[in-house]
Structures are given as C-alpha cells and as structure tokens.
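*Asks:* Build me a model from this:
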Amino acid sequence: MRYFGAISIAIFYYMSHCLNFESPVIDDNIPVIDELFVSATALSLSTPATTTTSGKKDESTFIIQKAYNQTYAHVLPCDESLKGMDCWVKTIDYFRPRRRKNDDSISSEDSHNVTDEAQMPPPPLIPWWFQTFLRDLKYNQAFGWWQEKFFYTPHMKYCTIAKVGCSEWHAICDDDPTICAPVELDPNETENWIDAPKAVFLRDPLERLLSAFLNKCIDVPDEGHCEPNPVFNPNVTQVNVRGDSDFGYTIEPLLEDIEDNKKQLFAAYLDIMPLKWNLHVLPQALACDLYRTIHQYDFVGYMNEDFHFHLERMVNQFGGNLDNVLDGAFGYKQYTVDRNNKHKNVGTLKDHGTLAKTRVKEYYTAATVRKGLEFMSIDYILLGLDVPYWAKEMLNDDTV
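*Replies:* Numbers count the residues shown, from 1 in each chain. Coordinates of the predicted model:
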C-alpha cells in the first residue's frame, strides 16, 4: 500500500497544475478531506486491484479502496487552524439526518448552519457504520487531551495512540515530571513546542483492532470499553426503560453459546461494535489529526516485528535522555545489542499487552478481515500502512 506515497504526489501535481483543479471533489461533488490527499482519492477511484505473486487479484486493495471511497473520502476539508473535533464537526453536521425546516428545536445559533447546509449538495449515501462513527465522535473522547505529549529532553512532541504502546508512553511522562510537560499544559507554554519535531508510532490496523478486543472485552471488560456495554459487559444486566429503575428488565446473556468460540465471538464483536464506537477502536488516522498531518512528522516508527529497532532508530535520531527512558519502558536494548541475532517483536502481556500479533489466526476469518479492512481503510490509504501477509493469505484461501 505504500505505493500510494510517491505516486500520489505525482498525481496530485498533475491534477493541480495540469488540470487546474480548484477544489478536490469526488462522486456527487462531495469535497474530499484535503487538497493534500486528492491524489490518494483519485488513485483509489481509478486504480484496479493489484495482483499477488500467485497472479490472483489482491482483494484487500479492492476492499480498502471501495470502503474509503464510500466513507472517509467524503470528510469535508477545513482550515488548517482547526484541530480535532473543531474540524470534524463540519462533516458530522453535514451527514446528520436532515432537520425539518419547521422544527422548533433548531436554536438560533444552529439556524446559520441550516442555511449553510441548504447551499450544499445533498450528502451521498454512506454505510450505516460510518454514520454511527460520525455520530459517536462527539462523545467518545476521540480527540482527547491525552494524545499529545510534550517532551523536555529531547525537545519534541509525541503523538500517543490507543493500543499502540499508549500505556507505556503515558507512564514515561506521568511517572517523571522532568521528562514531559504536565498534562494540563498552560496554553502559553505550548508555544515552546510549536516548531518542535514530531514523532509517532503506528501499528497494523487489523492487529490493533484485535488487541483492543482482547484487552477491553476479554481481559478487562469491567472497564466499560467493550462497547456496546449492554451486549459485551457481563456486569451490565439492567436496562432502564423509562428513566425509572422500577421499569428495568434483565437482559438474557446475549453471547451465550458463542463466547467459547474465538472466531465467532470476535465476528459478533465486529458486527455489533459500530453501534457504539469506542476510542480504542477508532482509526489511528484520527489521533493528532494524522489523516492530514502525517507528512509533518519527523519520525514515524512502526510497532511491528522490528519495533525494538524502530525504538533504537528514534533514540539515534533525537538523542537526549531517550536512550534510558525508552529502555526502561520497553526494554529494547536487550534485543538490539546483537545485530546478527535479530529479535522479532511479538508484543508483551505487560500492562495492557495482549500478544495480538501471535493470535490473529485464532480470531480472524476471511469475513472479519474484510470487515476490519473496511473500518480501518483510512489508515491504510492515508497513513500508507501495508496489509499484512497473513490477512492477504486468508482472503486468497477463502476464494479458492
């Protein structure tokens, strides 16, 4: 999938300079995310699925392109000064079910938005899971204060992403106030990091999705992050029907008879999860606005088999006290000392670790791979991530 990078830049240059594109649009005249990504969208609209080494069509590419074109490609652009929810609210309002003009519930401050919407073309049909995705962004802390960490030494900004070593990065900053600025940083002090280099680690979206399920639904369901809770949290047994506890009723165990089958249980989770999007399963591209800022990052590492060597690369690039800090958090040195005996990272059971990399074939099927690729298509296209070999193999075997 990284072919999107260089080719995208070339296509963007051609479209903007040779075809005089004034506004990036796709089907139904709906603007795409940003001019920076018009090339990625154009490529995904026109490029046929590639073939594998065996000569078969690469189904994963087709799934990702189609899902992206139907969903994330329709996110409305916004001014560069708008961050997080301030940018997404435009898209959320645009795709929100239309309000009736005589609806008395429309406030005076909202009337201006209704006028703006009336001047825009009607939104295209989108999959139901993307409608709930947009709906839940306002409530699931998708753009929380916890995402950016401001390091003193080395002087840098780090973007933390849920289920990408997030617990370790938070522990690094929370346990030692001399390493990072306080969480509630004074707005005036953030100016000290305006020009600071940026760093982030990314993870395979399918593996990360499974890790979130294993951690939040299997290991610690009581945290309430395995949503929708009435289905997946065994402690949620009452539904308040009329706002009065006297009218509650007990839910039968909805997962009975499938909870001991790993593939069935995970499939049920992916089917139901979009009814209530939890922050731990949101695409990585949303964190720190990576979907439109990834090109501004000075360091992009990968939480894959070579994770410890990416940590070493980060230390070599930024210096400061990262050497001891990262070794204390991840113990990477023991795996990078002997270059001839290359260690392959498979994760850990420490803290919120799940060893998801070693368990993908226990839980995934071709059907759930397809669903995961759809949900996370924005990560593969705009962050340039590769679909893992095991997932492509699973899809190929399913079409034999």
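*Asks:* Need the nearest residue in space to Val200, chain neighbours excluded.
*Replies:* Closest residue in space to Val200, ignoring its immediate chain neighbours: Cys159 at 4.2 Å, by CB to CB, 6 or more residues apart in numbering. Just so you know, the C-beta spots here come from the backbone N, C-alpha and C atoms, and that holds for glycine as well.
*Asks:* scratch that, Thr153
*Replies:* Gly320 (4.2 Å).
*Asks:* before we move on, which element is the one you found in?
*Replies:* In this structure, Gly320 sits in neither a helix nor a strand according to DSSP states H and E.
*Asks:* need the contact list for the closest residue to Leu275 other than its chain neighbours.
*Replies:* With sequence-adjacent residues excluded and distances taken as CB to CB, 6+ apart, Leu275 is closest to Pro228, at 5.2 Å. Contacts for Pro228 were tallied using CB atoms under 8 Å, 6 or more residues apart in numbering; they are Ile272, Met273, Leu275, Lys276.
*Asks:* out of these, which is most surrounded?
*Replies:* Compared across those, Met273 has the highest neighbour count, 24 neighbours, by other CB atoms under 10 Å.
*Asks:* is it true that it touches Val281?
*Replies:* Yes. Counting by CB atoms under 8 Å, Met273 does reach Val281; the two are 6.4 Å apart.
*Asks:* Common neighbours of the two, please.
*Replies:* Common neighbours of Met273 and Val281 (CB under 8 Å, 6+ apart) do not exist.
*Asks:* Now Phe151. Its backbone dihedrals?
*Replies:* Note on Phe151: backbone dihedrals following degrees, to the nearest 10 are phi -90, psi 140.
*Asks:* now Lys90
*Replies:* Given degrees, to the nearest 10, the pair of backbone angles that Lys90 has is phi -60, psi -40.
*Asks:* which residue is nearest the middle of this protein?
*Replies:* For the chain, the residue sitting closest to the mean C-alpha position, by CA atoms, centre = their mean, is Pro283 at 1.3 Å.
*Asks:* can you pull the contacts of that residue?
*Replies:* Pro205, Tyr291, Phe375, Met376, Ile378, Asp379.
*Asks:* Just the closest of those residues to Ala367, please.
*Replies:* Using CB to CB, Phe375 is the member of the contacts of Pro283 that lies nearest Ala367, at 13.1 Å.
*Asks:* Give the full set of residues in contact with that closest one.
*Replies:* Contacts of Phe375 by CB under 8 Å, 6+ apart are Ala67, Trp129, Leu209, Leu270, Pro274, Val281, Pro283.
*Asks:* hmm, try it at 7 Å
*Replies:* Phe375 is in contact with Trp129, counting by CB atoms under 7 Å, 6 or more residues apart in numbering.
*Asks:* Just the local confidence number for it, please.
*Replies:* On the pLDDT scale, Phe375 is placed at 98.
*Asks:* Equivalent analysis for Phe150, please.
*Replies:* The model's pLDDT for Phe150 equals 92.
*Asks:* for the contacts of Pro228, which one is nearest Leu385?
*Replies:* For the contacts of Pro228, the nearest to Leu385 is Met273 (20.3 Å; CB to CB).
*Asks:* where's that closest one relative to Pro228, distance?
*Replies:* 8 Å (CB to CB, to the nearest Å).
*Asks:* So what touches the host helix or strand of Tyr269?
*Replies:* Counting by DSSP H and E, the element that carries Tyr269 is helix 262-272. With contact meaning CB under 7 Å, 6+ apart, helix 262-272 is reached by 213, 217, 228, 231, 255, 258-259, 362-363, 365, 367-368, 371-372.
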